[in-house]
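>>> what's the 3D shape of this:
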Amino acid sequence: MQTQIFHLQNLSALHVGTGQGVGVVDLPIARAKSTNLPLVPGSAIKGVLRDELAAQKLLQEKDIQTLFGPDSALDDAHAGAIAFGDANLLLLPIRSFAGTVAYATCPFILRQYKRDNQTNVGNLQVPQLSDSDDNTVSARVIAKSSLMISGTGRIALEDLDIQAHDNDNTQEWADAITESLFPEYTKDYADWRTQVAKRFVILPDDIFSFLADTATEVRTRIRIDRKTRTVQQGALWTEENLPADSVFWGVLGVSQSRKKSDDRSAQDLADLLPKKEIQIQIGGKHTVGRGLCRLLLTSDKTQEA
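Prediction:
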């Protein structure tokens, strides 16, 4: 099987939900059970990608059926050759006192990202966020970060005041992530890389976990009674969204064809996948602009698994 990394960035607020919630938010987003970090299920990406490849005629119908499986019970039954893993949170946009917004991650996430993405970040060290002199835990930013409050050595995210330091390791992580997120074929890629890196911050695990729980976007929705033009009784609800510009990564695998009349190898089928980003729309509430995303398949980084 050929495995490769994909990246997903939502350009508008994203709601991939789990149905009715039992907490204060009526419609929460999907989260990993063990960490409670937001995620996008692989099944949500796979189905949308299939439709988009067909709609944009990026692949022939026979290739789509080989990769994703038949879409009708009348066709020969066989499993698709492509398998999508869940998309895990890599960067979470957080409101910042300086620099407008911070693109935050943490050592726990970077360790998992390094495990999955050995090609690009396998040689980078996961940062330790304690200062050797006094063992104080602090955040890490790049040398010319926009997030630092002048003259204080601190950053302010949401309502948190956090000590921060810069080092070369943070710059290396910022460069590696932004290069994957904004390849050279992306318009104004150099400027995008610079602007995201200036706002890149590595937070302690516990602080990041707290912000992943509390810094998401919660919107209140209502339904208006057409006759009275007032809120319809019982028609007030809240829904949780991931803020625009959140970044995810995941792993997809491509096996050899499972179709009897098709003997193409895993590498042959992996080579069919688009080399550039694809615009897709994922999750619910798409009629009110939710879930517009960039999907980047690093098809030139396939590995034998």
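>>> Skipping adjacent residues, who's closest to L27 in space?
In space, L27 comes closest to E239 once its chain neighbours are excluded; the distance is 3.9 Å by C-beta to C-beta, 6 or more residues apart in numbering. Any C-beta I mention is one placed from the backbone N, CA and C, and that applies to glycine too.
>>> Look up how far T194 lies from the one you found.
Distance, E239 to T194, by C-beta to C-beta, to the nearest Å: 34 Å.
>>> Name the residue in these two with the higher neighbour count.
Higher neighbour count among E239 and T194: E239, with 21 against 15, using other C-beta atoms under 10 Å.
>>> So which other helices or strands are in contact with whichever strand or helix holds the more buried one?
Here E239, judged by DSSP states H and E, is contained in strand 231-241. The contact analysis (3 or more C-beta pairs under 8 Å, 6 or more residues apart in numbering; DSSP states H and E) places strand 231-241 against strand 217-224.
>>> Just the angle for the strand it packs on relative to strand 231-241, thanks.
160 degrees (axes from the mean of the first three to the mean of the last three C-alpha atoms, to 10 degrees).
>>> elements contacting strand 217-224?
Secondary-structure packing of strand 217-224 (3+ C-beta pairs under 8 Å, 6+ apart): strand 231-241.
>>> and the strand it packs on, which residues are buried?
E239, E240, N241 (16 or more other C-beta atoms under 10 Å).
>>> roughly how far apart are the first one and K285?
E239 is 7 Å from K285, where distance means C-beta to C-beta.
>>> cool, I64 as well?
Distance, I64 to K285, by C-beta to C-beta: 27 Å.
>>> Low-confidence ranges, the stretch 151-300 of the chain, go.
The stretch 151-300 of the chain contains residues with pLDDT under 70 at 299-300.
>>> As a check, name the ranges of all strands in it.
Assigned by DSSP state E, counting those that start in this stretch, the stretch 151-300 of the chain shows strands spanning 154-157, 160-166, 200-202, 217-224, 231-241, 247-254, 278-281, 292-297.
>>> Columns distance to A104 on top of these, output as JSON lines?
Below are those laid out as JSON lines (distance: least, C-beta to C-beta, whole Å):
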{"stretch": "strand 154-157", "distance to A104": "7"}
{"stretch": "strand 160-166", "distance to A104": "10"}
{"stretch": "strand 200-202", "distance to A104": "5"}
{"stretch": "strand 217-224", "distance to A104": "15"}
{"stretch": "strand 231-241", "distance to A104": "17"}
{"stretch": "strand 247-254", "distance to A104": "10"}
{"stretch": "strand 278-281", "distance to A104": "24"}
{"stretch": "strand 292-297", "distance to A104": "19"}
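>>> Would you mind finding the most buried of those?
strand 200-202 (a mean of 26; mean count of other C-beta atoms under 10 Å).
>>> next one: that one to chain centre, how far?
Distance of strand 200-202 from its chain centroid, counting by C-alpha atoms, centre = their mean, to the nearest Å, is 16 Å.
>>> Same check on stretch 82-90?
On C-alpha atoms, centre = their mean, the centre of stretch 82-90 falls 9 Å from that of its chain.
>>> Please apply the same query to stretch 37-50.
Centroid displacement of stretch 37-50 relative to its chain, using C-alpha atoms, centre = their mean, is 10 Å.
>>> cool, and stretch 195-211?
Computed by C-alpha atoms, centre = their mean, the chain-centroid distance of stretch 195-211 equals 14 Å.
>>> could you dump that stretch to PDB, C-alpha only?
This file holds the C-alpha atoms of stretch 195-211, laid out as PDB (Å, rounded to 0.1, in the frame of the first residue of the first chain):
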ATOM      1  CA  GLN A 195       2.500  35.700   7.500                       C
ATOM      2  CA  VAL A 196       1.600  32.400   9.000                       C
ATOM      3  CA  ALA A 197       5.100  31.800  10.400                       C
ATOM      4  CA  LYS A 198       5.100  35.200  12.000                       C
ATOM      5  CA  ARG A 199       2.000  34.200  13.900                       C
ATOM      6  CA  PHE A 200       3.000  30.600  14.600                       C
ATOM      7  CA  VAL A 201       3.200  29.600  18.300                       C
ATOM      8  CA  ILE A 202       3.900  26.300  20.100                       C
ATOM      9  CA  LEU A 203       1.900  26.200  23.400                       C
ATOM     10  CA  PRO A 204       2.200  23.900  26.300                       C
ATOM     11  CA  ASP A 205      -0.100  20.900  26.000                       C
ATOM     12  CA  ASP A 206      -2.400  21.800  28.800                       C
ATOM     13  CA  ILE A 207      -2.900  25.400  27.600                       C
ATOM     14  CA  PHE A 208      -3.500  24.300  24.000                       C
ATOM     15  CA  SER A 209      -6.100  21.700  25.200                       C
ATOM     16  CA  PHE A 210      -7.900  24.300  27.200                       C
ATOM     17  CA  LEU A 211      -8.100  26.700  24.200                       C
END
